[in-house]
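*Asks:* For reference, the sequence and a predicted model appear below.
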Amino acid sequence: MSEAEKRRQAIELQRELEEQKMQAARQRSAIIATAKDEGFTDEAEGQKGGSGSLGVGSDRNAPVPSNANSAYASSTFTDGVTVSKVRKMENLEYKVLQGAVIEAVLQPRAQSQLPGQICVDIQQDVYAAVGRRVLIPWGSTVCGSYNASLRPGQERLFTIWNWLRTPNLPGRPATEIAINSAGSDQLGTAGQGGVVDNHWGQIFGVAAAVSIIGAGASNTGVSSGDQENSASRYRTEVQEAASESAQTILGRYASIQPTLTVPHGSRVVIYLQRDLDFTSQFEAEIEHAKSGGVTFIQ
């Protein structure tokens with residue numbers, strides 16, 4: 001065999017080896033499929049033997065991913081990008097949109113010892129998104145509830161406002177609408193600030209009292225000349241019992257959660273988390289406007 005033929009066969013053998021290595025690498029790869037119909041199924045579903053949801057262009061007889069990268073790659077296969085469609089907003093002159101601000105004043109005070117209901121009086125008119133129509137007049141009432149669970153160091157009361165009720169005005173009957181929005185202070189910080197009582201007096205007072213009682217019980221009748229005897233042993237046991245009782249009592253008082261009080265008359269700001277639609281309240285006016293301001297008499 002000539003030298004040229006030997007070199008040609010060596011090059012051909014090397015090329016075949018490279019192709020085999022590339023084929024093996026593609027089969028082990030987490031992101032490249034070897035054929036159009038070689039999709040991946042979810043690893044967890046494959047291990048359970050369930051049908052599960054298959055990837056795009058996948059085959060139920062396709063191999064199950066053998067590692068976390070293959071499972072992640074299969075979860076990212078998609079036909080396209082999610083599209084959000086534009087929705088036309090109508091009757092903006094009769095709607096208060098999400099993000100609008102309602103300023104109010106707290107009626108009764110709120111205290112975090114027990115959960116309860118709170119209400120506020122709206123102090124300023126709230127206008128429609130378009131125009132100068134007052135949809136929420138001042139004097140309306142908003143009621144909600146607050147969370148009484150406070151963590152150590154927490155200084156704000158989390159409130160949720162549920163219902164808004166408008167007053168009964170001439171030519172405009174009273175209405176109510178659900179707002180289900182969180183409350184904040186005048187600067188827009190979530191929650192409502194107030195006066196915090198961490199009960200340090202009770203905690204340190206009980207600690208001091210227990211310490212004095214334990215020390216007195218262990219030192220009563222002790223003199224400098226006493227040695228180890230039944231009396232000293234008794235005092236030692238009394239001291240140990242007092243120490244255990246002190247730990248139990250202090251543990252109970254140390255877990256006292258702080259009490260937050262929001263005074264009566266505090267300023268409250270409500271940021272609407274949904275759109276309020278008052279269209280049904282002005283149906284007669286809307287029909288009158290559609291007819292060009294002409295009232296038809298049957």
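*Replies:* Yep, that arrived.

*Asks:* now residue 13: how far from residue 23?
*Replies:* Separation of residue 13 from residue 23 (Cβ to Cβ, to the nearest Å) stands at 16 Å. Every C-beta, even on glycine, is put in place using the N, C-alpha and C of the backbone.

*Asks:* no, scratch that, I was asking about residue 1
*Replies:* 29 Å.

*Asks:* again, but for residue 84
*Replies:* Taken as Cβ to Cβ, the span from residue 84 to residue 23 is 42 Å.

*Asks:* When those two are compared, which one has more neighbours?
*Replies:* A direct count of neighbours by other Cβ atoms under 10 Å for residue 84 and residue 23 places residue 23 higher, at 11 against 5.

*Asks:* Tell me the secondary structure at the more buried one.
*Replies:* Classification of residue 23 by DSSP: H, G, I helix; E, B strand; the rest coil places it in helix.

*Asks:* Could you pull up the mean pLDDT of stretch 100-109?
*Replies:* Stretch 100-109 shows a mean pLDDT of 90.

*Asks:* outside of it, which residues touch it?
*Replies:* Contact partners of stretch 100-109, identified using Cβ atoms under 8 Å, 6 or more residues apart in numbering, comprise 118-124, 126, 129, 136, 142, 164, 192, 261-272.

*Asks:* Can you give me the buried ones in that stretch?
*Replies:* Of all the residues in stretch 100-109, those buried under the rule 16 or more other Cβ atoms under 10 Å are 100, 102, 104, 106-107.

*Asks:* distance of residue 289 from residue 282?
*Replies:* As judged by Cβ to Cβ, residue 289 and residue 282 stand 9 Å apart.

*Asks:* And for residue 73?
*Replies:* To residue 282, residue 73 is 55 Å away according to Cβ to Cβ.

*Asks:* Got the phi and psi for residue 130?
*Replies:* Dihedral angles of residue 130 (phi, psi; degrees, to the nearest 10) stand at phi -130, psi 130.

*Asks:* Would you confirm that it contacts residue 96?
*Replies:* No. Shown here, residue 130 and residue 96 do not form a contact pair, counting by Cβ atoms under 8 Å, at 10.7 Å.

*Asks:* before we move on, back to that, may I see the buried residues of stretch 100-109 organised as JSON lines, with distance to residue 179 added?
*Replies:* Supplementary listing: those in JSON lines, determined by distance: Cβ to Cβ, whole Å:
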{"residue": "100", "distance to residue 179": "10"}
{"residue": "102", "distance to residue 179": "8"}
{"residue": "104", "distance to residue 179": "12"}
{"residue": "106", "distance to residue 179": "16"}
{"residue": "107", "distance to residue 179": "17"}
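
*Asks:* Can you tell me which of those is closest to residue 148?
*Replies:* Nearest to residue 148 out of these is residue 106 (Cβ to Cβ; 16.1 Å).
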